[in-house]
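Student: Just need the structure, nothing else, for what follows:
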Amino acid sequence: MENKELNDRIRQKKFFRNNGIVLKGINLLRTQFVRLPDLKYALEPSLTESEFLDSVNYLTEGGYIRTRHTGTKQEITLADAAADELEAKVTQKGIQVIACILKDDCIEV
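Tutor: So this is what the prediction gives:
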């Protein structure tokens, strides 16, 4: 196996793991929204900012979490607002992944 291929596989596996870490971190407060800056701070230095944002983006686009603006409470994504202005909550689909009822190969729980 070449170095590039090995590095790509390591990066891919880390992405899967990071998605699970972020999903479970957001689920800690269960019925409440978690401010993304607080979660990002709690997960440092395990995840870099770009890794954290990649996971939030994947989980949002996959329907595993809902994000909303901290001030207006309107649903919004990373494409439309800075991460520091967002809070997130796990959806029913996200809870099913955490409970191992639903499987997503890109989320390691």
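
Student: Run through the residues that contact residue 23.
Tutor: Going by C-beta atoms under 8 Å, 6 or more residues apart in numbering, residue 23 touches 55, 59, 64, 65, 90, 94, 97, 98, 107, 109. C-beta coordinates here come from the backbone N, C-alpha and C atoms, glycine included.

Student: Give me the distance between it and residue 5.
Tutor: 28 Å (C-beta to C-beta, to the nearest Å).

Student: And residue 107, by the same measure?
Tutor: From residue 107 to residue 5 the distance is 23 Å (C-beta to C-beta).

Student: Have a look at those two and say which one is more surrounded.
Tutor: Ranked by neighbour count (other C-beta atoms under 10 Å), residue 107 and residue 5 place residue 107 first, with 25 against 9.

Student: Can you check what pLDDT the model gives the more buried one?
Tutor: Confidence at residue 107, expressed as pLDDT, is 97.

Student: hang on, it in a strand?
Tutor: No. Counting by DSSP: H, G, I helix; E, B strand; the rest coil, one finds residue 107 to be coil, located in no strand.

Student: who's in contact with it?
Tutor: Residue 107 neighbours (C-beta under 8 Å, 6+ apart): 16, 19, 20, 23, 59, 64, 97.

Student: so which of those would you say is closest to residue 10?
Tutor: Of all the contacts of residue 107, residue 16 has the smallest distance to residue 10: 11.0 Å, by C-beta to C-beta.

Student: what helix or strand does the closest one sit in?
Tutor: According to DSSP states H and E, residue 16 maps onto helix 3-27.

Student: Distance check, residue 82 against residue 67.
Tutor: Residue 82 is 12 Å from residue 67, by C-beta to C-beta.

Student: These two - which one has more neighbours?
Tutor: Taking neighbours as other C-beta under 10 Å, residue 82 and residue 67 compare with residue 67 leading, 24 against 10.
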